[in-house]
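Visitor: 3D model of this:
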Amino acid sequence: MLMYMSNIHQETPSTPPTPLHSVSVAGIVVREDGRVLTIKRADNGTWEPPGGVLELAEAPEDGVRREVYEETGVKVQVDRLTGVYKNTSRGIVALVFRCRAEGGYEQLSDEASAVEWLTPDEVTSRMAEVYAVRVTDALSSGAPRVRAHDGRRLARDS
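Guide: As a prediction, this is how the structure comes out:
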């Protein structure tokens, strides 16, 4: 689910405008064989990890479970936060979590024209850099990564 918001908060004569951000969540669902659950978006045909906009009163982990299930039919257990990614051109902050499948089965949705379990190499070849890096970061150990991008390319100091 993609929602558009005004980028400027109400201002008074004495205060400058305050930019607003949208918060999204994504699940990097990893199977025992190392394959990762992915979707081919119905609206633009790009391959991405399942995810979407976090609802106002929703905890991030609940949002990940909801979005992955809505888009793929797979129920997940959320393990850990693996990265925070900011799209500087659109003001979207994405929280990405590593997950494990715990039920359900793969199915198409209004948002996904294909659902596939890809190898890490297939992820790198099919996904844009800004999405493939989320998978790469989730597959590595260590602290969550914090990265910025412009919607197409990562900021090189990330």
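Visitor: okay, and for the protein, where does confidence drop off?
Guide: Applying pLDDT under 70 to the chain picks out residues 1-13, 157-158.
Visitor: Swap in 80 and give it another go.
Guide: 1-19, 156-158 (pLDDT under 80).
Visitor: At the geometric centre of it, which residue sits there?
Guide: In the chain, the residue lying closest to the centroid (C-alpha atoms, centre = their mean) is A26, at 3.0 Å.
Visitor: Just give the nearest non-adjacent residue to it, would you?
Guide: With sequence-adjacent residues excluded and distances taken as C-beta to C-beta, 6 or more residues apart in numbering, A26 is closest to G51, at 2.9 Å. Using the backbone N, CA and C atoms, a C-beta is placed for each residue, glycine as well.
Visitor: how many neighbours does that neighbour have?
Guide: 24 (other C-beta atoms under 10 Å).
Visitor: One more: R98?
Guide: Residues lying near R98 (other C-beta under 10 Å) number 23.
Visitor: which neighbours does the helix or strand harbouring it have in its sheet, and in what orientation?
Guide: Taking DSSP states H and E as the definition, R98 sits inside strand 92-104. Note on strand 92-104: by DSSP bridges, its sheet partners are strand 22-29 (parallel), strand 74-87 (antiparallel).
Visitor: would you list every one of the helices in this protein?
Guide: 60-72, 120-126, 129-139 (DSSP state H).
Visitor: distance of the residue nearest to the centre of the chain from G83?
Guide: Separation of A26 from G83 (C-beta to C-beta, to the nearest Å): 9 Å.
Visitor: Next: H149.
Guide: H149 sits 11 Å away from G83, going by C-beta to C-beta.
Visitor: higher neighbour count, the two?
Guide: Set side by side, H149 and G83 show more neighbours around G83, with 23 against 20, by other C-beta under 10 Å.
Visitor: on that earlier part again, okay, the angle between the strand holding R98 and helix 60-72?
Guide: 70 degrees (axes from the mean of the first three to the mean of the last three C-alpha atoms, to 10 degrees).
Visitor: what's next to strand 92-104, contact-wise?
Guide: With contacts defined as C-beta atoms under 8 Å, 6 or more residues apart in numbering, strand 92-104 is touched by 21-31, 37, 49, 51, 54, 60-61, 64, 68-69, 72-87, 134, 137-138.
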